[in-house]
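*Asks:* Coordinates for the following, if possible.
(2 chains)
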Amino acid sequence: SQTIHQWPATLVQPVGSPLSLECTVEGTSNPNLYWYRQAAGRGLQLLFYSVGIGQISSEVPQNLSASRPQDRQFILSSKKLLLSDSGFYLCAWSVVVGAGVQETQYFGPGTRLLVL
Amino acid sequence: GNSVTQMEGPVTLSEEAFLTINCTYTATGYPSLFWYVQYPGEGLQLLLKATKADDKGSNKGFEATYRKETTSFHLEKGSVQVSDSAVYFCALSDSGGYQKVTFGIGTKLQVIP
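*Replies:* Sure thing, here's the model as predicted:
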């Protein structure tokens, strides 16, 4: 069966410090991968998605970046954190089963980031 | 573009009460529709889904029917429990190479004994 891991679970970082959040998926090959942010009291915002190694698309302009160095690894980074980067970061994966066929997204446990 | 509208809540119910959380959507084409649940401090879990008009998704006593004529996917449960307290997200997935999912804002449900 497929599983998705995220770490760390919780992170407290000072403003201006770098960030690296990691997400890995097991039990599937060539998944689509996604990074979402959930700010306090708000819905989910798609930040990045990837359909393959080295292929990253950004949905919103920001000081965050994403990378996919391996098929089942997705990393969210920042060189300098802002206060507004605080939130709950969720990684998700899905599998494409054919043209026009929508597949379910499955989410990891999330990383809670607090920038002080 | 696509959008999902749901009540923000919070919704407070007594145990064994009937639950309805409304969800309406705007989309081109024929999206799949989902309900996700987020328990406190956790990630999102898929609760149920429906992939075409008139389909009914169901799980753990929850149900939702894909109504294309009213562009709705309301979540219902006949008798809620304290353990159902969580945030519920309605979402739609459109066709495309990366299956972009559009989420509603989430509805917080609190069930009191």
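*Asks:* C-alpha from now on. contacts and neighbour counts both.
*Replies:* Noted.
*Asks:* partners of the closest residue to residue B:10 other than its chain neighbours in the sheet?
*Replies:* Nearest non-adjacent residue to residue B:10, counting by C-alpha to C-alpha, 6 or more residues apart in numbering or on different chains: residue B:108, 4.7 Å away. For residue B:108, the beta-bridge partners under DSSP bridges are residue B:87.
*Asks:* same question, residue B:34
*Replies:* Beta-bridge pairing for residue B:34 (DSSP bridges): residue B:49, residue B:91.
*Asks:* Surely it is in contact with residue B:49?
*Replies:* Yes: if you go by C-alpha atoms under 8 Å, residue B:34 and residue B:49 touch, sitting 4.3 Å apart.
*Asks:* rewinding a little: might you report the residue contacts of the residue nearest to residue B:10?
*Replies:* If a contact means C-alpha atoms under 8 Å, 6 or more residues apart in numbering or on different chains, then residue B:108 has B:8, B:9, B:10, B:11, B:85, B:86, B:87, B:88 as its contacts.
*Asks:* Could you give the average pLDDT over the helix or strand harbouring residue A:34?
*Replies:* Element membership for residue A:34, per DSSP states H and E: strand A:32-38. For strand A:32-38, the mean pLDDT works out to 92.
*Asks:* Any chance you could list what contacts the helix or strand of chain B with the lowest mean pLDDT?
*Replies:* Using mean pLDDT, DSSP states H and E, strand B:101-103 stands out as the lowest-scoring helix or strand of chain B, at a mean of 87. Contact with strand B:101-103 is made by A:43, A:44, B:2, B:3, B:4, B:89, B:90, B:91, B:92, B:93, B:94, as judged by C-alpha under 8 Å, 6+ apart.
*Asks:* now do 10 Å
*Replies:* Contacts of strand B:101-103 with the rest of the structure, by C-alpha atoms under 10 Å, 6 or more residues apart in numbering or on different chains, involve A:43-46, A:102-105, B:1-6, B:25, B:27, B:31-36, B:89-95.
*Asks:* isn't residue A:28 right next to residue A:96, touching?
*Replies:* No: using C-alpha atoms under 10 Å, residue A:28 makes no contact with residue A:96, being 11.4 Å away.
*Asks:* Look up the residues forming beta bridges with the most centrally placed residue in chain A.
*Replies:* The structure's chain A has its C-alpha centroid closest to residue A:35; by C-alpha atoms, centre = their mean the separation is 2.6 Å. Judged by DSSP bridges, the bridge partners of residue A:35 are residue A:48, residue A:91.
*Asks:* I'd say it and residue A:60 touch.
*Replies:* No: Residue A:35 lies out of contact with residue A:60 (C-alpha under 10 Å); the separation is 11.4 Å.
*Asks:* Run through chain B and note the low-pLDDT ranges.
*Replies:* B:95-99 (pLDDT under 70).
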